[in-house]
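Chemist: Sequence and predicted structure, then a few things I'm wondering about:
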Amino acid sequence: MDEPILEFKHFSFQYNSQSEPTVMDIDFTLRRGEKVLIAGPSGCGKSTLANCINGLIPFSYRGEMTGSVTLGGRETRDLSIFEISRMVGTVLQDSDGQFVGLTVAEDIAFALENDCVEEPELHDRVAAAAKLVDVDTHLSHAPGELSGGHKQRVSLAGVLVDDVDILLFDEPLANLDPATGKQAMELIDRMQKETGAAVIIIEHRLEDVLHRDVDRIVLMREGRIIADQSPDELLSGPLLTETGIREPLYITALKYAGTEITPAMAPHSIRTVVIDETVREKVQHWYRTAPPAPPRDELPELLEVRDVSFAYPGHQALRHISVAIRRGELTAVVGTNGAGKTTFSKVVCGFETQQEGSVFLNGEDMAGLSIKERADHIGYVMQNPNQMISKVQIYDEVALGLRTRGVPEEEIGPRVEDALRVCGLWPFRNWPVSALSFGQKKRVTIASILVLEPELIILDEPTAGQDYRHYTDIMEFLTELNRRGVTICMITHDMHLMLEYARRAVVFSRGEIIADDTGANILTDPDIIARASLKETSLYDLAVKCGIDSPRDFVQRFIDYEREAVRK
Amino acid sequence: MTNLFNYIDRPSPIHRLTGATKFLCLLLWSFAAMSTYDTRFLTALAVLSLVLFRVSRIGLRDVKFMLGFTAVFLVINSIFIYLFSPRHGTELYGTCTVILGSGRYALTKEQLFYHLNYFLKYLATIPIVLLFVSTTNPSEFAASLNKLGVKYSVAYSVALALRYIPDVQQEYHEISQAQQARGIEMSKKASVTARLRAASSILIPLILSSMEKIEVVSNAMELRCFGKHKKRTWYMARPFRAADILCMVFCALLVAAAFALNHINGSRFYNPFI
């Protein structure tokens, strides 16, 4: 147990294309059988560190290494990437992209094939690995047919066919819905216990990772390790919030109530956190005295979807959907992959035509309108900005929609400038798109839709792949747009987003709408949570622990408090 | 969405042949059909290819897109042959039997016969091509190519390309919709140049996002030891059986038969007019 298996000593790495080291002064030891979480905001160097562990650095990405990094006592630079792969199994973030085989079985077999394992051993080992992660009934399926959770299991099986010493997970929760994310953490925990491998998880979603215990958390900022502590110690200190990592919601609530968090309270999980009489008093007092949210006005309807059904060949995607979106609302559309939320937005935008029912905009049936005509009223922003951007210059990209509509150039100028200002892109107006970060590109795509002055903007997963700081930036920006009168509809499976920013959430499950309510009401309803593959919020459990009679009102209080008192 | 390379898994003796066998047979068969215009031979090949199609349990509906495509191509091709060389048949067969009309575009029996042979050539080869595409599992094909001596990195990239075709199609579709929503007209209403320009607004994001994917997949392959040894094994590999050998011998004989007929006929054409 005490034997160090991975050791960094005064380690730094600088990519050839960069002028400064991306990670520096790294001192870190991983022992056999340990489970460590590496957390930090985007760009802090945690992915680079992961690549230094799995051998992509220095074998695929070139750069200058100083100091030492050893695996099982040997310097990685003296090993080959193949030798490293036998010791470190990596599950990459993008589970679609890392699929190499045409079927599940071939993908699991990939490493064995490359190692020249012969029949019948090849088939036997694939079957054993598939059984370990419960995908043995899917062996002949193609990757596209699997759910996000199953894809990840297949990737895991693909590294478990070798007897690795370290399992490395790069953002394992990024593409999973909340319930599947929870199962993923349970699976990782089980694999660690069954195989005895050490586990490194790279994530910024702290609360979700802590669903199962970890031994240590390594916190990174600007290329350096700034903390290497037990979860209880780290959650009791100020470093997390200073770094821009979101602490678990129950901890935030306890702090709002004026409680001081100490390691003795075992705050790493809502199950373990000790709530004594004083804390309970404080929380109840805060609950009773927090200011209520101001009432809202009833707004006129902008979009009405009435009894819409849609089927792809052999698959009923929407069944009798009826929902209305009011002018000026900020709505979240949630549900698992395949629940129908993306199809819903495609029907609204006219990409697909419903077989039954109608869609009304401002009371008028949109049946005869083409995609382009609908786009004058409804803007659609795709999840991946790289799928939308086709111009080199930011200005041209934002102006594209106006130019294709034949708007005179002298009118385009001021409108583009306006959109760039609103989106905070004014300082970059003369930059090429390629120089922007992912989040900035996202803003470019939003600006290029905004410039068309739509009444409603639909965004597909606006915060996917963003750390807490960028997530907050994007959501504050969308809230600001919303205040200016733009109606916004977000497709998401991020529970924080629906809880904190959306006034209302519409929940899809198997092509039907199963709930249309506030986030607080939805995330405290066990039936809806189970059917939509969501996860109960820890605020609910905190309320129960503190003896609050209506956990639902407690959650709503928390949200209102954040909106009214904290933000601004 | 239509998928050009559509492997259809059905239980049939043709599916059970290895991909390399089918590939070699396809080459030999096409070579035999290309090398002669002997009507009797082509008819036999055409009938046989339709029989094989039945044996494979692939229905006409499964391949209707490709069939329609070739039919259109065949018709256009025949029209152009007639327009540009209406007397090609007469020149080939040395006689001139006019059925209809007069002058350069007079319809002759010889020209009709030439067109019949042309049509038979299509009929003898297209079903076999479709058969190859729809009964060959790409991974197993890669495995057997490797067995035939093709470098495995080359063989694997064939399989990988096939693996990504549906993904790229899907992505093209999505990008195209989003760009249309920004007002880029892709329908027939726009002029050809406008549509070409519009296509670039889809292709650029498509290429960029494909590049991202390539980086991810090549890292994933490297992390799982692709390229470690000079050889690798294949999960989908199948041993050569007697049936494989038989098929290859049969197709080789077809080529021999085609050459023999050309020799007996004295040219590539079977001439019923003398």
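Modeler: Sure thing, it's come through. Numbering: from 1, shown residues only, chains lettered A, B, ... in the order given.

Chemist: C-alpha only now, for contacts and for neighbours.
Modeler: Will do.

Chemist: Show residues contacting stretch A:168-187.
Modeler: The contact list for stretch A:168-187 (Cα atoms under 8 Å, 6 or more residues apart in numbering or on different chains) reads A:47, A:50, A:54, A:88-94, A:133, A:148-149, A:152, A:199-205, A:208-209, A:211-212, A:336-337, A:464-465, A:493-495, A:533-535.

Chemist: from those residues, which are also near chain B?
Modeler: A:N54, A:G89, A:T90, A:L92, A:D94 (Cα under 8 Å from any Cα of the partner chain).

Chemist: Return the per-residue confidence for the first one.
Modeler: pLDDT, A:N54: 92.

Chemist: And the residue nearest to A:I449 when sequence neighbours are not counted, its phi and psi?
Modeler: Nearest non-adjacent residue to A:I449, counting by Cα to Cα, 6 or more residues apart in numbering or on different chains: A:G379, 5.7 Å away. Dihedral pair for A:G379: phi -100, psi 150, per degrees, to the nearest 10.

Chemist: how about the strands in the stretch 101-250 of chain B?
Modeler: Using DSSP state E, counting those that start in this stretch, the strands of the stretch 101-250 of chain B run over B:107-108.

Chemist: So in terms of bridging, what pairs with the residue nearest to A:I449?
Modeler: Legend: beta-bridge partners of A:G379 under DSSP bridges are A:I457.

Chemist: burial count for it?
Modeler: Look at A:G379: counted by other Cα atoms under 10 Å in any protein chain shown, it has 26 neighbours.

Chemist: Likewise for the one 10 residues further on?
Modeler: Residue crowding around A:I389 was assessed by other Cα under 10 Å; the count is 28.

Chemist: Could I get the contacting residues of the residue lying closest to it once chain neighbours are set aside?
Modeler: Nearest non-adjacent residue to A:I389, counting by Cα to Cα, 6+ apart: B:P205, 6.1 Å away. By Cα under 8 Å, 6+ apart, the contact set of B:P205 is A:N386, A:Q387, A:M388, A:I389, A:S390, B:I175.

Chemist: quick one, what contacts the second one?
Modeler: The reference is to A:Q387. B:I175, B:P205, B:L206, B:S209.

Chemist: so of those residues, which ones are in helices?
Modeler: Among these, the members falling in helices (DSSP state H) are B:I175, B:P205, B:L206, B:S209.

Chemist: Between those residues, which sits nearest chain A?
Modeler: Each of the ones in helices among the contacts of A:Q387 was checked against chain A using Cα to the nearest Cα; the closest is B:P205, at 5.0 Å.

Chemist: pLDDT score for the closest one?
Modeler: Among the per-residue scores, B:P205 holds a pLDDT of 86.

Chemist: Poorly predicted segments of the stretch 1-150 of chain B, please.
Modeler: Across the stretch 1-150 of chain B, the ranges flagged by pLDDT under 70 are B:1-5.

Chemist: So out of everything in it, what residue is nearest chain A?
Modeler: Closest to chain A within the stretch 1-150 of chain B is B:S139: 7.0 Å, counting by Cα to the nearest Cα.

Chemist: Was I right to think that residue contacts A:V100?
Modeler: No. B:S139 lies out of contact with A:V100 (Cα atoms under 8 Å); the separation is 10.9 Å.

Chemist: Out of the contacts of B:P205, list just those in helices.
Modeler: Among the contacts of B:P205, the members falling in helices (DSSP H) are B:I175.

Chemist: could you dump the contacts of B:P205 to a markdown table with distance to B:G59?
Modeler: As requested, these are exported to a markdown table (distance: Cα to Cα, whole Å):
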| residue | distance to B:G59 |
| --- | --- |
| A:N386 | 40 |
| A:Q387 | 37 |
| A:M388 | 39 |
| A:I389 | 42 |
| A:S390 | 42 |
| B:I175 | 33 |
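
Chemist: just the contacts of B:P205 now: which is nearest A:I457?
Modeler: Taking Cα to Cα as the measure, A:I457 lies nearest A:M388 of these, at 15.1 Å.

Chemist: measure that closest one to chain B for me?
Modeler: Distance of A:M388 to chain B, given as Cα to the nearest Cα, to the nearest Å: 6 Å.

Chemist: Please list all residues in contact with that residue.
Modeler: Contacts of A:M388 (Cα under 8 Å, 6+ apart): A:M382, A:T445, B:I175, B:A178, B:Q179, B:P205.

Chemist: Could you rerun that using 10 Å?
Modeler: Neighbour list for A:M388: A:381-382, A:397, A:441-442, A:444-445, A:448, B:174-176, B:178-179, B:182, B:201-202, B:204-206 [criterion: Cα atoms under 10 Å, 6 or more residues apart in numbering or on different chains].

Chemist: For ChimeraX, what selects the buried ones among the residues you listed?
Modeler: A single ChimeraX command suffices to select whichever of these are buried according to 16 or more other Cα atoms under 10 Å in any protein chain shown:
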select /A:381,382,397,441,442,444,445,448 /B:174,175,176,178,179,182,201,202,204,205,206
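
Chemist: Below-threshold pLDDT in the stretch 451-568 of chain A: ranges please.
Modeler: A:565-568.

Chemist: Just the helices from it, written as ranges.
Modeler: Using DSSP state H, counting those that start in this stretch, the helices of the stretch 451-568 of chain A run over A:468-483, A:495-500, A:519-522, A:526-531, A:538-545, A:551-561.

Chemist: just checking, what packs against the shortest one?
Modeler: What it means is helix A:519-522. Secondary structure elements in contact with helix A:519-522, counted by 3 or more Cα pairs under 10 Å, 6 or more residues apart in numbering or on different chains; DSSP states H and E, are helix A:495-500, strand A:504-509, strand A:512-517, helix A:526-531, helix A:551-561.

Chemist: what angle do the second one and strand A:512-517 make?
Modeler: Note on geometry: by axes from the mean of the first three to the mean of the last three Cα atoms, to 10 degrees, strand A:504-509 and strand A:512-517 are set 160 degrees apart in direction.
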